[in-house]
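Undergrad: Quick one, fold the following:
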Amino acid sequence: EVQLVESGGGLVQAGGSLRLSCAASGFTFDDYAIGWFRQAPGKEREGVSCISSSDGSTYYADSVKGRFTISSDNAKNTVYLQMNSLKPEDTAVYYCAAGFECGMGMDYWGKGTLVTVSS
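TA: So this is what the prediction gives:
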């Protein structure tokens, strides 16, 4: 059974940091790109960051560049999203997803973890 399980969300003050984890199982982790997406209340889901399976390239939305860092621990089948200098507008449910490559449709999705940034 394919599973993507996010963890690490919570409540943090503006300027603070959180590290999200995405633990994957049930598929060949090394063959898939892993992306982080978020959906704020009343807004559409947006891509936040992605790490490529082919060469480890990383991609970021302009809104998080310089503040968020994506990384992968292939030995643990886990992808992390380190989020620094958090802003209230980063408040959202964060999802991780797996797909053939960054920028393409994702095949598997987690259930999400809530990040709330207070001002």
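Undergrad: In stretch 92-102, which residues are buried?
TA: Ala92, Val93, Tyr94, Tyr95, Cys96, Ala97, Ala98, Gly99, Cys102 (16 or more other Cβ atoms under 10 Å). The way it works is simple: take the backbone N, C-alpha and C, and place the C-beta from them, glycine included.
Undergrad: secondary structure element for the third one?
TA: In this structure, Tyr94 is located in strand 92-99 according to DSSP states H and E.
Undergrad: May I have the strands that pair with that strand, each with its orientation?
TA: strand 33-39 (antiparallel), strand 106-109 (antiparallel), strand 113-118 (antiparallel) (DSSP bridges).
Undergrad: what residue is smack in the middle of the protein?
TA: Trp36 (2.6 Å; Cα atoms, centre = their mean).
Undergrad: tell me the contacts of Thr91?
TA: Ala40, Val115, Thr116, Val117 (Cβ atoms under 8 Å, 6 or more residues apart in numbering).
Undergrad: How about Pro88?
TA: Shown in contact with Pro88 (Cβ under 8 Å, 6+ apart): Ala14, Val117, Ser118, Ser119.
Undergrad: Let's see if you can find the most crowded of those.
TA: Counting by other Cβ atoms under 10 Å, Val117 has the largest number of neighbours within the contacts of Pro88, with 20 neighbours.
Undergrad: I'd like to know how far it sits from Gly99.
TA: 27 Å (Cβ to Cβ, to the nearest Å).
Undergrad: So, low pLDDT: which residues of this protein?
TA: Residue ranges of the chain with pLDDT under 70: none are present.
Undergrad: and stretch 90-98, how far from the chain's centre?
TA: 5 Å (Cα atoms, centre = their mean, to the nearest Å).
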